[in-house]
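Visitor: When you get a sec, could you give me coordinates for this:
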Amino acid sequence: MSAPTHHLYCRKQPYPPIRTVASTSPSDSLSTAFAPRLTKLFWGSSRSQTRLRVRNLSPVPNFTVTCGTGILEINETQFSETVLKSNRPVLVEFVATWCGPCRLISPAIEWVAQEYGDRLSVVKIDHDANPQLIKEFKVYGLPALILFKDGKEVPESRREGAISKAKLKEYLDALLESISVA
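Guide: Numbering: from 1, shown residues only. All right, here's what the predicted structure looks like:
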């Protein structure tokens with residue numbers, strides 16, 4: 001006696017796309033080292049059954065980390081000279097091109113660079129391009145703000161996530177007062 005055979009049949013139904021992603025051109029895509037392959041799931045059909053098929057699409061468009069006036073974008077090789085050996089406090093912002101909250105607080109960070117330019121320096125560090133710094137400073141969330149003075153991280157200065165301009169002002173005023181920067 002042979003084992004019973006079971007078959008699963010699907011009725012053919014007109015299902016809409018589950019996910020679609022558009023890209024303007026392949027040149028707008030992220031580096032393949034950092035961009036996971038995005039896919040479009042759609043229902044295809046044959047005579048007797050419906051199958052789920054997967055097709056690769058272009059990765060999402062690329063965004064760049066831009067720095068306004070007073071903000072310097074640095075990398076691992078410049079970190080020691082620019083941040084640790086600075087004779088004034090340095091606000092370091094860790095960002096990534098794919099990070100929405102990073103783009104959201106960018107105008108507030110530019111405002112800080114202009115408003116507090118006489119009391120501190122502001123630098124940006126790209127998360128994806130500087131993995132050693134990310135590991136060294138244990139940056140787990142983006143955007144991440146850390147204030148450095150005299151080559152050391154100021155205690156209680158680490159802040160991760162989006163922040164409003166008003167909260168950013170409160171945060172910086174309290175930190176600068178605690179380290180006695182006039």
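
Visitor: CA atoms for contacts and neighbours, from now on please.
Guide: Fine.

Visitor: can you map out the helices along this protein?
Guide: 76-79, 100-115, 131-136, 165-178 (DSSP state H).

Visitor: so of these, which one's packed in deepest?
Guide: helix 100-115 (a mean of 18; mean count of other C-alpha atoms under 10 Å).

Visitor: That one - what's its average pLDDT?
Guide: The pLDDT scores in helix 100-115 average 95.

Visitor: now for that helix, which elements pack on it?
Guide: Applying 3 or more C-alpha pairs under 8 Å, 6 or more residues apart in numbering; DSSP states H and E, we find helix 100-115 packed against strand 121-126, helix 165-178.

Visitor: For stretch 113-122, list every residue counted as buried.
Guide: Neighbour counts over stretch 113-122 (16 or more other C-alpha atoms under 10 Å) mark 113-114, 116, 120-122 as buried.

Visitor: Save these as TSV, and put in distance to Asn75 too.
Guide: Formatted as TSV, these follow (distance: C-alpha to C-alpha, whole Å):
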residue	distance to Asn75
Ala113	19
Gln114	22
Tyr116	22
Leu120	19
Ser121	15
Val122	14
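
Visitor: Leu104 reaches Ala162, doesn't it?
Guide: Yes: contact criterion C-alpha atoms under 8 Å: Leu104 and Ala162 qualify, at 7.2 Å.

Visitor: Next one: Leu84 from Glu76, what distance?
Guide: 12 Å (C-alpha to C-alpha, to the nearest Å).

Visitor: hang on, the earlier thing: adding mean pLDDT and distance to Val95, write the helices and strands packed on helix 100-115 out as a markdown table.
Guide: Output for these, formatted as a markdown table (pLDDT from 0 to 100; distance: least, C-alpha to C-alpha, whole Å):
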| stretch | mean pLDDT | distance to Val95 |
| --- | --- | --- |
| strand 121-126 | 96 | 5 |
| helix 165-178 | 95 | 16 |
